[in-house]
Each structure stands twice: as structure tokens, then as C-alpha cells.
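**Q** just the structure for this:
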Amino acid sequence: MQSNNIPKITTKETEHLRDSYPALSHLEAGNVSEWLQERKDQLFEMARSAENEADMTRVLGLLASGIGAVCYAVNPLAIVGGLIGGAAWLWFVVEHSNRTKEIAPIPFVRGNFVDAISRAGDYDTRSNYQADHLANTVKFLERQSAEEYAFLHAEFENIGQYLTQVEPGKRFYAYRWMFGWFGKLKGRQLPTYQSMALHLQDVTIDSRLNRSEINAIAQAQTQLPPTVDIKQFQSPTVDIHHSPQASEFSRPTELQPSANGLSPDTIINLPLANRANALIAVLTKSGFQIEDMMSSQVIAIAGTQRGGKGTLAAILATLSLALDSGLNTQYFTAGVDVYPFSCNLISALKYPEKDADGADKLVARDLLKFLKGLDASEPYSHKNLLLVIDEAMRLLSLLDESDRTWAIQYLLSRFAKCGGTLIIVLHGSNLTSVVGKATAGLADTFKQSVNFIGCVAQSVSAGGLRKINVASGEYFKANPNNFAEPVSGGNLGMIPDWLKIELHPGNGQPDPARTLLKFFPELVQHHQPAVMPRGEKIAPPDAVNQLESIFSKPTQEVEIAELEEELSISEVDKNLILNIVTSAVATPVSFAAIRNSRRWGEDKRSVRYLRSAIAQLIESKQLKGSEKSGFTAFSD
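**A** Coordinates of the predicted model:
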């Protein structure tokens, strides 16, 4: 309930506007498609009522004018009624012409009067006019309402997809924001989802929401079993009539799952993307909600050991690459147990001459460098990136405490700005075990922006009395506070049996990820240990850091010494550098992050200029650090 001490943001002129929409609580609670359809139907009914009123106005106006003209000889006062009726008729004609640029003086005849006469003798013109009946009805709405109906009619599916990904409390604002841009762009397109997400970061949750209503609607959303499975009437995603095997099938339903599901031989000759769409359709029909799993920009697959987290990550990555051959898949994982799918793999296989711990430490270092590079890049410059981090907690635990805190903060709060998609595998029981105390303040943001997927392990016999845990193939939307607990209505289904044909070479158990690759032989990539030239060894990280320091430090000092004599540094720029460093979420702040900060606007400073400015700030004891380690401000 809203406190009486909080002033209303609405004015008396705008307070009624929200009441003209369907109940906003349904929209904010997640009934997006239903709300949009209700609004669309509402606008059309308003158009029909306006059209009926317009016809009645013209009928009564002309009738009153005619009666007034005829009865004037009997009663001179009749002319008054005729004038009133004529004024009403003329008012409608002028008002309608002003809104639609059409002159429509005759009741029940829509459009320009001259066009209506020309239609009388032209069959094709009459047919086109009847086909545009809906559009002509909508013209009777006020201009803004007519534009909103056109907005919903043209972009209904896109609007639904956009709003589904917006957090509750901001959906109505996002709807109005998209509608505004639809008008600015003259109906040609919608702004990108990335631009909307970037804008909504500065928008707070609406204080006028009725939270009790939203909670009640969310709790009442239950999945009722349909009397008829409507999916059986849907067209297949893949049009096999345009595929090389059109003659091999008798009808499109051959792509639907049979008792044994699909087999690779059934669709192996289809184009790569068509195969992926066919498999997604079959998996969805079998109850495995693969599209719901990829409904967020950051997907966290969480739970205990041997639950099938890595398997699901491999399945999602494989299908994503099949749908988009240009996808840049970067895969970081500890150890050497990796799935043979196509990606840029960074694992212990890259460092074969290191022991397990040493190799994993180098992989963790590579991951940190990769994330630093993303953080220094322009926002939304990596839209084709799919970053998969398996064994994430193992890798992060091998970093220094400051680097580990920075990496977690970046993944939780800023990764989405790079434009890519993140699939991260977490071994833990809840969010606190992942985030830790150092970043506990980010927990709420993490909960809202991440799609948590939990999994279930099962125990099977390993011979005699021995048991081993293997994945059950069952997944659910997990509660961020307890990864083992599903949210209400969050069942994501189970991997079907026909996707469990291949066996894992290690434990001999069914392996869905390797089975899926049988459908995509082009995406198979067997990852082998890196081969090093004879006589060469991997230098330890300490030696590498020492060499980098030796070679970079004198150069930096010489450059700065020379620049101090040549460049005049503005005090405004030095203050801006200090603000960039002190306001950063994670410290120390890299040189690249300072130079690429959006606070410079379009007038970025040169590398030489910034180095000279930072050198002066260090000399005046306002900053400390180096380009190697990053920069921090001296505490007051």
C-alpha cells in the first residue's frame, strides 16, 4: 500500500489516463500477451462505437436540417432546429477531415465522398475497399489511439517478447516508451531491445503499483491441462517442402516426434538452422522447455555435483550455434572433461605440461583477462558473443581475492552491457554461497536479471553396493535463495529418452549433449591437448608478470617525462579522471576503462594526453597505481 507521505507523480490532467487501460497489475504480473490483446480489442471496440456515433451524428444532423427546411413555412422556429442539426453535421465533417484528411458527409459511407462515387462502378476498387474495412474503422479513433492500434496490430509479437524480458514494475513504462518511438520512427520499426534495456536502467519501479494485486495475480497463474493439445495444430517450424528431402516425406508431421523421437537420419540433410528449429520444436512438444531456458541474457545453471549442469550448458550452446553460424562461442572450464562441440575452448588442455591445479590457475587467469577486455569495450559491441563458463566457482576460487571480487561484480552487474549472452555453471546451494559477503549488495540485482535453472541428480548402481550420482535430465526454474527449490510453476521438463542414446566415455551413462551432436556433425570439434614445440616450457605467471613489469615500466616513465614538457593538461580533465576512478564499481580501474569511459562523450582524449594527466595526478598524491595494476584514488 502506498504511503500517504509520498506525493503522487500524476496530475489532475493525467490521473485518468492509466484508468483507461486494462488493469495494469496483470501486465506487471506477467500476463503480457493477454493484456496486449485486451488493449487491442478495447481500441477496436472504441473505434466501432465512435463510428456508430459518427453515423448517428450525420443521420440526425441531415434529418434535422431537412425537417427544419421543410417545416420553416409552417413554423419559423423550425429553422433553429435545422441550424443546430446542420451545425452538428458540419462539425463532424470538419473534425473527421482534420483527423483523416477525408471528406465524408454521407452517413454509412466511409472515406472520401468522391472516392465512394468512383467505387460504385469499379469492382476491383470495391473489393480493395472491403479488404481495408478494419483500417477504415480504426480511422474513427482519436489520432493517438489510432496510432496505438496500428502499433499493436503491426508489432504485437515483438512487443510481447520485449515486455516479457522487462522486470515487473517497469513494463507499462516500457510499453509507452516503445509506443512513443514507434510514432517517432513513423511506424517503420521498433528500437532495439538493447537500447530499451539500456534506457530502463535509469528508470525506477513505478511507485503507483498495487503490489498486493500483482502478487495475487502472480500466485493465481496456474497451468491448467488443456482439453485439446493446441500444439498439434501448429505448423512445423521447418518447411520441409523446400528441403532436399521433400520427396522422402509424405507430410510435414513427419518432423513431429514419434514414439521414439527424432533420429539423425531423419533430418540430417536439412540446413543447419532448420535442423535446430525442428529439434527445438520437438523438444518443446515433449515438455522440455528449451526456449524458456534461454529467455534471459544471463543464464545461471546451478545446483550440486553431477546434476547435469554442464550437459545443459553444452546443449544450449550447441543449439545456439546451430541457429546462428556467426556466433562467437567462448568456453572456459576447469579440468579436461569437455564436450566435443565447436567453440573456442580455454581449459586445462591448453596447458598440458602443467599439473591440474597449475593448469586451472592459468585458465582462471585467461578468464580474468577476457573479462577485463570486455569491460574495456564499447557497450553492446559484442552482440554475437556467447560466453560459457563451466566450473565457474572452481576458476574464480583460484584468483586473488581482489580479482575474484571484481570478476563476480562484473558478471553480476555489468556483463549484459557488452551485448552478449552468458551461460554460467554454478556449484552452490544458494546465492550467498556464490556471491559472498564482499558483493552481497548485488544480490537483488542478480536475482532480477538472471534466469536461474536448477537440476536434479539421481543415484544409480555402480556394481555391488556402490552407487554413483548421475544427471536425471530434469530441470526447473530455481529459487535464487535455494537452488534446490523450484519456483512456483517453474518446471522446465525432462530431457526425452530419444536424446539419451550416446554414452559418456567416462561413466558409461547416457549423454544427451553427445547425442545432440549426432544431429549436427558440422559442429563436432574434438578438443586435444595443445602441442608445444620441443624444448619450450610454459613460463610461470610470476615470471611473466616480472618480465612485463621490466619491459613496460621504463618506457612508461620516459613517455610521461617527455609528455609533461609538451602537453598542457586541463584541470577539468584531471577532475574528470578522478571522478571516473572514484565512482567505479570495481577498483583498481584500468587505463583502458578510464579512456573508454562514456563521461568523455565523443571527444576522447589521446593515450599520450591521458598518461600525462594521470602522471600529474600520481605526482600530486591524488591517484596511485600503474597501467599494469590499475589506478585507485587516495582515501581522504
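
**Q** so where is the stretch 301-450 of the chain shaky, pLDDT-wise?
**A** Within the stretch 301-450 of the chain, the stretches with pLDDT under 70 are 304-307, 428-449.

**Q** which stretches of it form strands?
**A** In the stretch 301-450 of the chain, the strands defined using DSSP state E, counting those that start in this stretch lie at 328-332, 344-346, 385-389, 421-427, 450-461.

**Q** list the contacts of Asp375.
**A** Residues near Asp375 by C-beta atoms under 8 Å, 6 or more residues apart in numbering: 410, 414, 590, 593. (Each C-beta comes from the backbone N, C-alpha and C, glycine too.)

**Q** the last one: which element?
**A** Element membership of Ala593, judged by DSSP states H and E, is helix 591-595.

**Q** which residues sit against that helix?
**A** Helix 591-595 is contacted from outside by 375-376, 577, 580-581, 584, 604-605, 607, 610-611, 614, 627, 630-631, using C-beta under 8 Å, 6+ apart.

**Q** nearest residue to Thr329 in space, please, no chain neighbours.
**A** Spatial nearest neighbour of Thr329, excluding adjacent residues (C-beta to C-beta, 6 or more residues apart in numbering): Cys343 at 4.1 Å.

**Q** what's the burial count for the one you found?
**A** Counted with other C-beta atoms under 10 Å, residues neighbouring Cys343 total 23.

**Q** from Pro512, how far off is it?
**A** Distance of Cys343 to Pro512, given as C-beta to C-beta, to the nearest Å: 17 Å.

**Q** what about the strands in this structure?
**A** 298-303, 328-332, 344-346, 385-389, 421-427, 450-461, 467-479, 482-494, 623-626, 630-633 (DSSP state E).

**Q** turn the strands of the stretch 301-450 of the chain into JSON lines, columns for distance to Gly85.
**A** Shown next, in JSON lines, are the strands of the stretch 301-450 of the chain (distance: least, C-beta to C-beta, whole Å):
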{"stretch": "strand 328-332", "distance to Gly85": "71"}
{"stretch": "strand 344-346", "distance to Gly85": "78"}
{"stretch": "strand 385-389", "distance to Gly85": "68"}
{"stretch": "strand 421-427", "distance to Gly85": "65"}
{"stretch": "strand 450-461", "distance to Gly85": "63"}
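
**Q** right, so of those strands, which gets closest to Tyr149?
**A** Of all the strands of the stretch 301-450 of the chain, it is strand 450-461 that lies closest to Tyr149, at 32.9 Å by C-beta to C-beta.

**Q** related to what we said a few turns ago, just the ones in helices from the contacts of helix 591-595, please.
**A** Mapping those onto helices (DSSP state H) picks out 375, 577, 580-581, 607, 610-611, 614.

**Q** of these, closest to Gly82?
**A** Ile580 (75.6 Å).

**Q** which residues are in contact with the closest one?
**A** 589, 593-594, 597, 599 are the contacts of Ile580 under C-beta under 8 Å, 6+ apart.

**Q** for ChimeraX, what selects the buried ones among these?
**A** In ChimeraX syntax, the buried subset of the contacts of Ile580 is picked out as below (16 or more other C-beta atoms under 10 Å):
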select :589,593,594,597
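
**Q** ok so, going back, tabulate the strands of the stretch 301-450 of the chain (JSON lines), appending mean neighbour count and distance to Ala150.
**A** JSON lines is the format used below for those (neighbours: other C-beta atoms under 10 Å; distance: least, C-beta to C-beta, whole Å):
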{"stretch": "strand 328-332", "mean neighbour count": "20", "distance to Ala150": "38"}
{"stretch": "strand 344-346", "mean neighbour count": "17", "distance to Ala150": "45"}
{"stretch": "strand 385-389", "mean neighbour count": "23", "distance to Ala150": "35"}
{"stretch": "strand 421-427", "mean neighbour count": "22", "distance to Ala150": "32"}
{"stretch": "strand 450-461", "mean neighbour count": "19", "distance to Ala150": "33"}
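
**Q** of all the ones you listed, which one is nearest Pro7?
**A** strand 450-461 (34.3 Å).
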